[in-house]
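Chemist: Take a look and give me a structure for this.
(4 chains)
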Number of protein chains: 2
Amino acid sequence: MAASARRGPYVCGIDAAMDVVAGKWKPLILWELHHYGTRRFAQLRRGLPGVSEKMLIQHLREMEEDGLVHREVYPEVPPKVEYSLTEHGVSLNTALAPLGAWGTARAGRIGAERVTVDEVAAVRRP
Amino acid sequence: MAASARRGPYVCGIDAAMDVVAGKWKPLILWELHHYGTRRFAQLRRGLPGVSEKMLIQHLREMEEDGLVHREVYPEVPPKVEYSLTEHGVSLNTALAPLGAWGTARAGRIGAERVTVDEVAAVRRP
DNA sequence: TGAGGTACTCACCCACGGGTAAGTACGTCG
DNA sequence: CGACGTACTTACCCGTGGGTGAGTACCTCA
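Modeler: Coordinates of the predicted model:
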């Protein structure tokens, strides 16, 4: 599966953290859940324009296995599943903050376009 | 080249930072250069057991393009090249520190083996 | 009646990140 | 004379991360 050789021996802490954050949408999911607190599957999908359902589920499952997100299923007739961050997820987000700041500074430095969610939606959904 | 679609539009700062750190050995190179200050090519290769020369060069070139490392060539008869971190590289490392701490904590939490350089050498060079 | 929303699963495909191995030009050491 | 060390370059191969698209079971609304 995608959970190839995860939890492998780590050379350093960055390794261990990257292992958990690796994945095209993981940081965005983290951010989304951190920002909104609790989100349903379809809400997340809409919040991450361009993500495929397969990847979203796959990433959510991995992050659940890694103890970053909590998955609450409501056995209702229209299915309802709520995702939220565990305390480990929150602490990871906190640890990620300086990196985000650095990235933002760098983006400004090199003059890269910073794209809003709507623009991404426009670009990735022609 | 490997510089596929880098510097692409970023959704958030984490994106921009991950773009620069993405690569199996980038964080290790960063750590190595940060730890030793200045390193020659062969020293780096020995410090990162298991890395192929191709990947090491490729990563170093990309990090140089990204303004993270400085490459100093001495036109001597046995070729000599020294790599060191730029101030941006140093600041990235600083921003990476909390993530490293989080990863270390997590590695301890899940009881993952933390491997020393020598052990890695033993494992990856049978 | 059928279109749409919920949360998925499954099968297939392809690009690319990374590994392996060899070649290069020059010099020194044994 | 050949092995070894420096710092690379080049060619080739393969695994997998991620994308596409369809299918499922149930319910609601127009």
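
Chemist: Can you tell me how far A:Tyr83 is from A:Gly23?
Modeler: From A:Tyr83 across to A:Gly23, the span is 15 Å (Cβ to Cβ, to the nearest Å). (C-beta placed from N, C-alpha, C; glycine too.)

Chemist: Correction: the previous question concerned A:Pro98.
Modeler: 20 Å.

Chemist: More neighbours: the two, which one.
Modeler: A:Pro98 (19 against 16; other Cβ atoms under 10 Å in any protein chain shown).

Chemist: so is that one in a helix, a strand, or just coil?
Modeler: Three-state call for A:Pro98 (DSSP: H, G, I helix; E, B strand; the rest coil): helix.

Chemist: hmm, stretch A:81-93 in reach of DNA strand C?
Modeler: Yes - Stretch A:81-93 is in contact with DNA strand C by Cβ under 7 Å from any atom of the strand, via A:Val81.

Chemist: For DNA strand D, give me its nearest residue in chain A.
Modeler: Of all residues in chain A, the one sitting closest to DNA strand D is A:Ser52 (3.3 Å; Cβ to the nearest atom of the strand).

Chemist: what about that residue, neighbour count?
Modeler: The burial count for A:Ser52: 11, using other Cβ under 10 Å.

Chemist: ok, which residues in chain A are in contact with DNA strand C?
Modeler: A:40-42, A:53-54, A:57, A:61, A:73, A:78-81.

Chemist: Of all those residues, the one with the weakest confidence?
Modeler: Lowest pLDDT within the residues of chain A next to DNA strand C is found at A:Pro78 (86).

Chemist: List the buried residues of the strand or helix carrying A:Gly89.
Modeler: In this assignment (DSSP states H and E), A:Gly89 forms part of helix A:87-109. Residues of helix A:87-109 classed as buried by neighbour count (16 or more other Cβ atoms under 10 Å in any protein chain shown): A:88-89, A:91-93, A:95-100, A:102-107.

Chemist: Pretty sure B:Gly103 is one of the things A:Ala16 touches, is it not?
Modeler: Yes - if you go by Cβ atoms under 8 Å, A:Ala16 and B:Gly103 touch, sitting 3.5 Å apart.
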